[in-house]
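> Please find the sequence and the predicted model below.
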Amino acid sequence: MRIAAGLIFASAISLCASGAAWSQTPPAKTDAKPAAAAPAPATAPAPAKQACANPDALGISRVVEVDTTGGPGFGFEHFKQLDFLRDKEVVLTFDDGPWPENTASVLKTLANECTTGIFFSIGKHATYYPEILKQVLAAGHTIGTHTWSHATLTNKKLTEDQRKEEIEKGFSAVKWALGGVSPAPFFRFPALQHPPEMVTYLGTRNIAIFSCDLDSFDFKAKNAQQVIDVTMKKLDKLGKGIILMHDFHKHTAEALPALLRKLKEGGYKVVQMKAKAPVQTLPQYDEEILKDAALPTVSSRPVSSVVQTISE
């Protein structure tokens with residue numbers, strides 16, 4: 001079923017197994033300060049639209065708005081019913097950020113091509129680097145979430161309340177990092193592992209679930225060229241799709257300029273997905289994030305970023 005630009009999507013969810021992975025590099029925390037207590041806007045301010053300086057840019061072919069009522073699912077890896085992309089259309093998605101250097105590089109490449117993506121942020125990473133996430137928002141990208149700590153929610157050691165906390169605290173952390181601006185009600189499960197009870201829960205919270213149509217497997221790549229080759233091979237076979245990448249990984253940032261040119265040369269067009277309304281975070285988790293941010297902490301930054309030799 002194809003859906004024209006701007007059409008609201010209904011919720012209908014199917015479920016199957018999955019399989020991505022995550023490179024758990026120890027994060028480096030910065031001294032972020034809690035957001036002001038004053039009431040924050042419920043939605044992100046619309047960034048000023050600028051003319052594209054690149055006449056040969058990949059650009060954006062159309063913008064679609066998603067009504068997340070009931071928790072619709074996107075991505076043929078798990079959800080088959082909402083086939084809204086036309087032939088040669090793609091959605092660019094990036095998981096696990098924000099992250100120093102790599103996210104900035106991804107943002108620069110997207111800006112050079114006057115195009116956009118969805119960034120599924122990890123809550124902890126958002127609290128480490130709120131200024132980077134604010135840059136993602138300011139550039140006009142859609143921001144969703146990817147749990148608080150990238151916990152695999154099919155882990156039987158986690159209680160149902162702990163799974164819900166991973167989801168909700170992730171949204172509250174991203175909201176805090178954005179200075180009180182609520183992100184889109186877009187969520188992607190770590191490792192694409194979808195426990196049925198959490199799929200149901202997200203439906204009650206009116207949060208859309210994102211799988212993917214093709215995984216770049218950039219977390220396994222040995223170099224940037226491998227990211228490009230794997231992605232284009234899969235895309236040329238499918239003809240369209242939601243592409244899963246990670247702004248967390250260096251090879252992805254390095255591969256992106258050439259990958260976007262390959263998309264342009266192949267006749268592919270980028271679709272931007274926006275939410276009809278922002279997520280409604282839960283007060284108890286908003287308060288928990290504020291308490292955590294207010295507590296004094298010992299810096300966990302690597303030695304090289306704290307102590308540097310300036311002369312010998």
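Looks like it arrived, so ask away.

> Quick check: closest non-adjacent residue to residue 168.
Once flanking residues are discounted, residue 168 sits nearest to residue 285: 4.5 Å by Cβ to Cβ, 6 or more residues apart in numbering. For glycine as for every other residue, the C-beta is placed from the backbone atoms N, C-alpha and C.

> Name the residues that touch the helix or strand hosting residue 132?
Element membership for residue 132, per DSSP states H and E: helix 130-138. With contact meaning Cβ atoms under 8 Å, 6 or more residues apart in numbering, helix 130-138 is reached by 32, 44, 47, 97-100, 103-104, 107, 119, 121, 126, 143, 174, 176-179, 181.

> and the residue nearest to residue 168, what helix or strand is that in?
Under the criterion of DSSP H and E, residue 285 resides in helix 283-294.

> Give me the packing partners of that helix, helices and strands only.
On a contact count with 3 or more Cβ pairs under 8 Å, 6 or more residues apart in numbering; DSSP states H and E, helix 283-294 meets helix 123-128, helix 160-177.

> Count residues in the vicinity of residue 179, would you?
A count of nearby residues for residue 179, using other Cβ atoms under 10 Å, gives 14.

> can you confirm it is in a helix?
No - Residue 179 is assigned coil when assessed by DSSP: H, G, I helix; E, B strand; the rest coil, not a helix.

> I'd guessed residue 275 sits against residue 184; true?
Yes - judged on Cβ atoms under 8 Å, residue 275 makes contact with residue 184 at a distance of 3.8 Å.

> which neighbours do the two share?
Contacts common to residue 275 and residue 184, judged by Cβ under 8 Å, 6+ apart, are residue 142.

> For residue 80, report the pLDDT, please.
pLDDT, residue 80: 86.

> can you redo the helices and strands packed on helix 283-294 as a markdown table with mean pLDDT, distance to residue 213 and mean neighbour count?
Converted to a markdown table, the helices and strands packed on helix 283-294 look like this (pLDDT from 0 to 100; distance: least, Cβ to Cβ, whole Å; neighbours: other Cβ atoms under 10 Å):
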| stretch | mean pLDDT | distance to residue 213 | mean neighbour count |
| --- | --- | --- | --- |
| helix 123-128 | 96 | 25 | 25 |
| helix 160-177 | 98 | 23 | 24 |
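
> quick one: low-confidence parts of the protein?
Under the criterion pLDDT under 70, the flagged ranges of the chain are 1-50, 294-306, 308, 310, 312.

> And the strands in it?
Using DSSP state E, the strands of the chain run over 62-66, 73-74, 89-95, 118-121, 142-145, 186-187, 208-210, 214-215, 241-246, 269-275.

> Just list what the first one packs against, helices and strands only.
Okay, so that is strand 62-66. Strand 62-66 is packed against strand 269-275, with contacts defined by 3+ Cβ pairs under 8 Å, 6+ apart.

> switch to 10 Å and redo it
If contacts are counted by 3 or more Cβ pairs under 10 Å, 6 or more residues apart in numbering; DSSP states H and E, strand 62-66 sits against strand 89-95, strand 269-275.

> by how many degrees do that strand and strand 89-95 diverge?
Angle, strand 62-66 to strand 89-95, by axes from the mean of the first three to the mean of the last three Cα atoms, to 10 degrees: 60 degrees.

> Just the buried residues of strand 62-66, please?
By 16 or more other Cβ atoms under 10 Å, the buried positions in strand 62-66 come out as 64, 66.

> Would you mind extracting the C-alpha trace of that strand into PDB?
Only the C-alpha atoms of strand 62-66 are listed here, as PDB (Å, rounded to 0.1, in the frame of the first residue of the first chain):
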ATOM      1  CA  ARG A  62       9.000  14.800  -0.100                       C
ATOM      2  CA  VAL A  63       8.000  15.100   3.600                       C
ATOM      3  CA  VAL A  64       5.500  12.800   5.300                       C
ATOM      4  CA  GLU A  65       3.700  13.300   8.600                       C
ATOM      5  CA  VAL A  66       3.100  10.400  10.900                       C
END
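
> partners of that strand in the sheet?
According to DSSP bridges, strand 62-66 forms sheet pairs with strand 269-275 (parallel).

> Spatially central residue for the protein, please.
The residue lying closest to the centre of the chain (Cα atoms, centre = their mean) is residue 120, at 1.6 Å.

> Return the distance of it relative to residue 190.
Separation of residue 120 from residue 190 (Cβ to Cβ, to the nearest Å): 10 Å.

> Overlap of the contact sets of those two?
By Cβ atoms under 10 Å, 6 or more residues apart in numbering, residue 120 and residue 190 have these common neighbours: 95-96, 146-147.
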